[in-house]
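Undergrad: Predicted model, plus sequence, below.
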Amino acid sequence: MNVNEYLRRIGIDKVEEANEKTLAHLQLQHMLHIPFENLDVMRNVPIPLDVTTYYEKVVLNHRGGFCYELNGLFNWLLHNVGFTNHLVAGTVRRPDGGWAKEGSHAAQIVELDQPYLVDVGFGDSARVPIPLTGELREDVSGVYRAVQVNDHIFDLQKADGDANYITLLRFDITPKELPDFEEVCRFNQTSPESHFTQKELVTIATPDGRITLSDNQLITTRNGEKQKATVSEDEKPAILQQFFGIHLK
C-alpha cells in the first residue's frame with residue numbers, strides 16, 4: 001500500500017499539513033474521484049474487512065465500494081498523512097422515516113481543534129467535515145449539521161429547504177476498528193433485508209451535482225435539477241466506464 005499512489009487516485013500530489021483545510025480537500029477529492037458502489041455485492045463477490053484488499057480494488061483497479069471499503073481505506077490514508085482519526089458506527093435513517101440495521105454504517109471521526117464527522121462512504125451526503133457542535137456546513141449538495149443526542153450519540157442532519165432538518169444518520173463516536181463491523185458487513189452483503197442486495201447502485205459526486213446509476217436508471221443531477229434516462233444491460237459497461245471509471249473484469 002502506497003500513500004502517494006492513493007493520493008494520485010484522488011487527484012492530489014501531496015499533503016503538506018494535517019489541518020481542516022487539507023482534510024476538507026482530501027474528502028472532496030475522494031468523493032469526486034471514487035464512486036460509492038455495490039457491484040461486488042450484487043455479483044456475490046465477498047468483501048472482507050481488510051484494508052489491503054480495499055487498496056487493490058479502489059486504488060489499483062479504479063473501483064469504488066461501500067462504506068466499510070471507502071471509509072476503511074480513507075481512515076488508513078488520513079492516519080498515514082498525519083491525522084488523528086478513528087472509525088465509528090452509525091445507523092442510517094431511511095427516507096420513509098425508518099432505520100436501517102443498527103450500527104451497520106461505518107464513518108469516522110477526525111480530531112483537529114475539535115472532532116469532525118468525515119464520511120466518504122454515504123453516497124449523496126456531506127462533502128465537507130462536519131463539526132459536532134451544531135455549526136452549519138454547506139456544500140453543493142446541501143446544508144448540514146451534527147446535533148448531540150446524548151453523551152456519545154449524534155445525528156447528522158440536512159436542511160430540507162423549509163427551515164427544517166432531516167436526520168440522515170445517527171452515529172456513536174465511540175472508536176471502532178474494522179473487525180467490529182464483521183456481523184453488519186456480512187448482513188449488508190447477504191441479507192435480503194439489506195438495501196445493498198436489492199439492485200445495482202453506483203454514484204459519484206460531480207462539481208455541480210451527482211451522477212447515479214440505479215439499476216437501469218441513469219440519473220444526472222446538476223445544480224439541483226435531475227435528468228433520468230433508462231439504460232439497457234448492454235449499455236451498462238460503457239456507462240460504468242464513461243461516468244465512473246469502472247471497468248468490470
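TA: Looks like it arrived, so ask away.

Undergrad: Specify the local secondary structure of the most centrally placed residue in the chain.
TA: Centroid-nearest residue in the chain: residue 121, 1.4 Å away (criterion: C-alpha atoms, centre = their mean). Secondary structure, DSSP: H, G, I helix; E, B strand; the rest coil: residue 121 is coil.

Undergrad: wait, doesn't it sit right on residue 73?
TA: No: assessed by C-beta atoms under 8 Å, residue 121 is found out of contact with residue 73, at 9.1 Å. For every residue, glycine as well, the C-beta is placed using N, CA and C.

Undergrad: Give the residues shared as contacts by those two.
TA: residue 65 (C-beta atoms under 8 Å, 6 or more residues apart in numbering).

Undergrad: Just checking the distance from stretch 13-30 to the centre of its chain.
TA: Put simply, stretch 13-30 sits 16 Å off its chain's centre (C-alpha atoms, centre = their mean, to the nearest Å).

Undergrad: what helices or strands is the helix or strand hosting residue 145 leaning on?
TA: According to DSSP states H and E, residue 145 maps onto strand 142-148. Helices and strands touching strand 142-148, by 3 or more C-beta pairs under 8 Å, 6 or more residues apart in numbering; DSSP states H and E, are strand 130-131, strand 137-139, strand 153-159.

Undergrad: how far does the shortest one sit from the chain's center?
TA: The gap between the average C-alpha position of strand 130-131 and the chain average comes to 15 Å, counting by C-alpha atoms, centre = their mean.

Undergrad: Tell me the secondary structure of the closest residue to residue 129 other than its chain neighbours, please.
TA: Spatial nearest neighbour of residue 129, chain neighbours left out: residue 116 (3.7 Å); criterion: C-beta to C-beta, 6 or more residues apart in numbering. Look at residue 116: counting by three-state DSSP, its state is strand.

Undergrad: How about the contacts made by residue 116?
TA: Counting by C-beta under 8 Å, 6+ apart, residue 116 has contacts 20, 23, 109-110, 129-132.

Undergrad: now do residue 204
TA: 31-36, 64, 210-212, 243-244.

Undergrad: Please apply the same query to residue 58.
TA: The neighbourhood of residue 58, defined by C-beta under 8 Å, 6+ apart, consists of 9, 34, 64-65, 69-70, 73.

Undergrad: Inside helices: which ones of those residues?
TA: Counted as lying in helices by DSSP state H, out of these, are 9, 69-70, 73.

Undergrad: neighbours around the closest residue in space to residue 178 that isn't next to it in sequence, how many?
TA: Ranked by C-beta to C-beta, 6+ apart and with sequence neighbours excluded, the top spatial neighbour of residue 178 is residue 49, at 4.4 Å. Number of residues near residue 49 (other C-beta atoms under 10 Å) recorded here: 18.

Undergrad: where does residue 49 fall, helix, sheet strand or coil?
TA: coil.

Undergrad: what's the offset of the strand holding residue 145 from the middle of its chain?
TA: Relative to the centre of its chain, strand 142-148 is centred 16 Å away, using C-alpha atoms, centre = their mean.

Undergrad: partner strands of that strand, parallel or antiparallel?
TA: Strand pairing for strand 142-148, using DSSP bridges, gives strand 137-139 (antiparallel), strand 153-159 (antiparallel).

Undergrad: Now tell me what touches it from outside.
TA: For strand 142-148, the external contacting residues (C-beta under 8 Å, 6+ apart) are 117, 125-126, 128, 130-138, 154-159, 165.

Undergrad: And residue 11, how close does it get to residue 141?
TA: The gap separating residue 11 from residue 141 is 19 Å, by C-beta to C-beta, to the nearest Å.

Undergrad: Have a look at the two and say which one is more surrounded.
TA: More crowded of residue 11 and residue 141, by other C-beta under 10 Å: residue 141, with 18 against 12.
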